[in-house]
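Participant: Okay, sequence plus prediction incoming.
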Amino acid sequence: MAAIDAGSPVGVRQTGPRRSLLSNVSCTLLLLVMGLMVLYPLVLLIYGSLVIEQVDGTKTLGFEMWVTAWQQPGMIQAVTNTFKRVFFTEIIAVPAAVLLAWLVARTDLPGKKLIDNFFWIALFLPSLPVVLGWILLFDPDYGAVNKFFMMHLGFSGPPLDIYSFSGIIFAHLASRSIAAKYIFLVPAFRNFDASLEEASVVAGSGPLATVWRIVIPILMPAVLITVAISLTHSLESFEIELVLGPPTSFYVFSTKMYALIHDNPPLFGAATVLGLSVLVVILPLIVWQQRLIGTRSYVTVTSHFQARVLRLRRLRWPIFGVIAALGLIITATPVTCLMIGTFMNLFGHFELNQVWTTNHWAKVLSDPVLLHALSNTIILAGSAAFVGVLWFAVVAYISVRTRYPARKVLDFVTWLPATLPGIILGLGLLWMFLTVPIFKPLYGTIVVLIIAVMINSVTTGVQLIKSNMVQIGYELEEASFISGASWFYTFRRIVLPVLGPALISVALLTFNSAARNISNIAMIVTGDNRPLSMLQIDYMSDGQYESAAIVGVIIVLLTLGVAMGARAVSRRFGFRTT
Amino acid sequence: MQDIREPLLTLRGVTKLYDRFRAVDDISLDIRRGEFFSLLGPSGCGKSTTLRIIAGLEQPEHGDITLNKVTLVNAESGVFLPSQKRNMGMVFQSYAIWPHLSVFDTVAYPLAVRKMPKDQINTKVREMLHLVGLEGYENRMAPMLSGGQQQRVALARALVYEPHVLLLDEPFSNLDVKLREQMRIELKLLQRRVGVTVILVTHDQLEALSLSDRIAVMNAGHVEQLGSPADLYENPRTAFVRDFIGASLQLRGKLLGRAPEGATIELDGAGRLEGRLHDGAALRDGGEITATIRPESLIVGPADGAAQPNSIEATVQALLFVGDKYECVLKVGGQDVRSFLPRARGRAAYEEGSRIRLTFPASEVTIWPR
């Protein structure tokens, strides 16, 4: 065998592949940019709430703003409403989701694929169009279901008024509340190693005692994490309350903040204080969630894990019937109603002589306002998806593959947006773009919104890419280096193809959440960069429900189409389970 | 023609630190052209890290490495040739099979990297697949193969570009016992045929003993002993090597006195034995010792038989039939010792509780300081 090829540079000072690509300097730069986008607005909020401007223009620090803020009417009410709403939603949603996940993952229920699909669709459906669909059925005056009950079944009042506390709870349960938990829980339930159950049965426990003493304690961490995560998500909810709350003067903290900003003159101080107060109240929850996630051990699926399937016997089909009906109710029903609403002369009024028309479609589709909003949404979601996926991939790569010393800080900044309510982040960005001179020129441009929606997706996006990278393992890359390939050749022929499906689905998910996002951008939208989701809000507050419904249909088509694409992509490439 | 004994790969004072922990501690090795060399040791002894340093996947803090008189690493002057340029082949413990490539594309990959013409790649890959017994699987996606087949793909990928050295990182640990034995024989035959220099990392002494020309036994980041399998088995230089390679019966006792040809020891409550002192063992009379013997050197007879010189009595405490022999726990005086007993033909020679006589050929007993 000959000596090493004459052409190879011997004795050249060179470092290993993982260090040369991303030096500590560029990692730190990235960390600073992320800190600027996530932490800095938060710092500005706190600082801003403590600065008092005197008549002569000098500034001092003090708590005056906090004191005056709490003198605003309805502040405390907004906070208690928030927790009341979250409590009643979660107390129903958590047990329901656990039961559903258990039925699908651990029993011989038929049609599991179908049920899965229903909940995935429910998860990806944007809330606002769905609520609009429900209004058609449950408006206290013209809602079709309410009317039917009052006219034909002798009810004196509407059985469910959508513009009420119970209506709001219903809207939450019937949109993402149960679906999100179900999606999160099913894999944990599925991966549960059946031999643990079998060991208990062999040891003499009956099936119920096994569930109680083995299954529940082992699955508790998964359920707790789901509860912790969904509590923070539930707390930040915005658009359902924004539409359904005002008629009965029901405000939660996020809608109250929005109302304060849209007061005349805008009450920035009060809104800031309210947001920060809620943050302080939920701080223990955030800490708890972080600790739970920190101690989580990953359950891996291997071929010798076998799910023990409980046989439902005679109850199989009846239970399937109930769940399938539920699935139809939370997906097809509101979307169908929304569609119907777009073709009605007056939204929800079936009693008119001329019920149907296509005039609204003709009008809206020819309206330059809609086209402008549509192009804004596509630019917004498209750029967020494209830039976001690159950004998330780099962050994930640093976190998984490098020995960058400040990795933990990076992880923390990545995780933070998932726990901070979008409306507070939005207000922080508003402060940043209005008060910091170098950012001011960006205000009113679409860039501001792109940043806001990317921040909203960073946690999930990075997490998804990271888990794929971990699964793939570094040896695949090392095997390529050993074979003689350079870093870039390896990236092109090994990393990208292997990670590709994950990157595509992260891009599509980011697109989806950007296109329907309201709470992160509500504070910073201006007339010029307004996307479809905000246009729908504006149409609704003008009472143009028919036009709002048309915009809603467009958003549904856009988001659902993209989400289904994401699922198809991740399914086609078998080495990843969604 | 180069001298066959001349080292192909040389490591001098190679040290790898993880913070303060010395994962690899001042290792020097000479690996000869065409030999089958093993790094053997328990997990965490630094053997895999040493292999990865040779491969260029880890950068050592100190030391230098040369291949064919060409410097790969010289830590002091900052020379570090990356993996891609070392022309080595490696089979990973996980096999590192790329999930998106077919068997053909996987094996062709290193050749494609080297910009070899298509038709030449085609011939080479087919030759290689024939050699590892995978012809007919060209278009199969590599992850769809069984463990043994995946390993053959990994082997083919590592050999197809005729590397200077083939590095094997615990290649058999993911296979079941039967397949492991089969792959071991196949690997040995393949190495003979190809003539490539192999460095194997393993924690399995059987694997190392049966495959290697030479073995370096590693412990806590350094080389305990280097030698041929027979040499290591017969003349372990340290207690670690003695205990790690092969089984031995061990008895505690005290040194009574020494003679030119050997020494006498008093076992704790079980009589006296003659043996030879381990090389360079510095022992005073009355010093605490451990006497060891390989089980196959023991002569086992009935307790009531004629008293042999250099023998002691023992009681069988537990007897485990393992096919070709018995694994057992013996009571010798106050000590419980583990050993093996030969399997007697036709009849059960021992049972639990029976008394037996163990005869120790004095030349086979080694006396170690304790």
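Facilitator: Happy to help now that I have it.
Participant: Now for the chain, the helix or strand with the poorest mean pLDDT.
Facilitator: With no chain named, the answer covers chain A. helix A:17-21 (a mean of 46; mean pLDDT, DSSP states H and E).
Participant: switch to chain B, that's the one I care about
Facilitator: The weakest-scoring helix or strand in chain B, judged by mean pLDDT, DSSP H and E, is strand B:299-302 (a mean of 83).
Participant: what helices or strands is that one leaning on?
Facilitator: In terms of contacts (3 or more C-beta pairs under 8 Å, 6 or more residues apart in numbering or on different chains; DSSP states H and E), strand B:299-302 is packed against strand B:355-359. For the C-beta atoms, the positions are set from N, CA and C on the backbone; glycine is no exception.
Participant: Mind giving me the packing neighbours of the strand it packs on?
Facilitator: Here strand B:355-359 touches strand B:299-302, strand B:311-321, strand B:325-332, going by 3+ C-beta pairs under 8 Å, 6+ apart.
Participant: so what strands line up beside it?
Facilitator: Strand B:355-359 sits in its sheet next to strand B:299-302 (antiparallel), strand B:311-321 (antiparallel), going by DSSP bridges.
Participant: and the next element down the chain from the least confident helix or strand of chain A?
Facilitator: As assigned by DSSP states H and E, the chain's next helix or strand after helix A:17-21 is helix A:24-50.
Participant: Give the next helix or strand downstream of that next one.
Facilitator: strand A:51-53.
Participant: Now do that following strand: everything it contacts.
Facilitator: By C-beta atoms under 8 Å, 6 or more residues apart in numbering or on different chains, the surrounding residues in contact with strand A:51-53 are A:59-62, A:64-65.
Participant: from the residues you listed, which ones fall inside helices?
Facilitator: A:64-65 (DSSP state H).
Participant: and among the strands paired with strand B:355-359, the most buried is which?
Facilitator: Across the strands paired with strand B:355-359, averaging neighbours per residue (mean count of other C-beta atoms under 10 Å in any protein chain shown) puts strand B:311-321 on top, at a mean of 16.
Participant: okay, now A:G348: neighbour count?
Facilitator: For A:G348, the neighbour count with other C-beta atoms under 10 Å in any protein chain shown is 23.
Participant: what about it, which helix or strand?
Facilitator: Using DSSP H and E, A:G348 sits in no helix or strand.
Participant: Please report phi then psi for it.
Facilitator: Main-chain torsions, A:G348, degrees, to the nearest 10: phi 90, psi -10.
Participant: can you give me how far stretch A:504-521 is from the chain middle?
Facilitator: Centroid separation between stretch A:504-521 and its chain, computed with C-alpha atoms, centre = their mean, to the nearest Å, is 8 Å.
Participant: Could you check that stretch against chain B for contacts?
Facilitator: No - Stretch A:504-521 stays clear of chain B (C-beta under 8 Å from any C-beta of the partner chain), getting no nearer than 13.8 Å.
Participant: Turn the strands paired with strand B:355-359 into a markdown table, columns for distance to A:A96.
Facilitator: Formatted as a markdown table, the strands paired with strand B:355-359 follow (distance: least, C-beta to C-beta, whole Å):
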| stretch | distance to A:A96 |
| --- | --- |
| strand B:299-302 | 71 |
| strand B:311-321 | 56 |
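Participant: related to what we said a few turns ago, of the helices and strands packed on strand B:355-359, which is nearest A:Y182?
Facilitator: Proximity to A:Y182, assessed across those by C-beta to C-beta, is greatest for strand B:311-321 (52.1 Å).
Participant: So what's the gap between that closest one and the chain middle?
Facilitator: Centroid displacement of strand B:311-321 relative to its chain, using C-alpha atoms, centre = their mean, is 30 Å.
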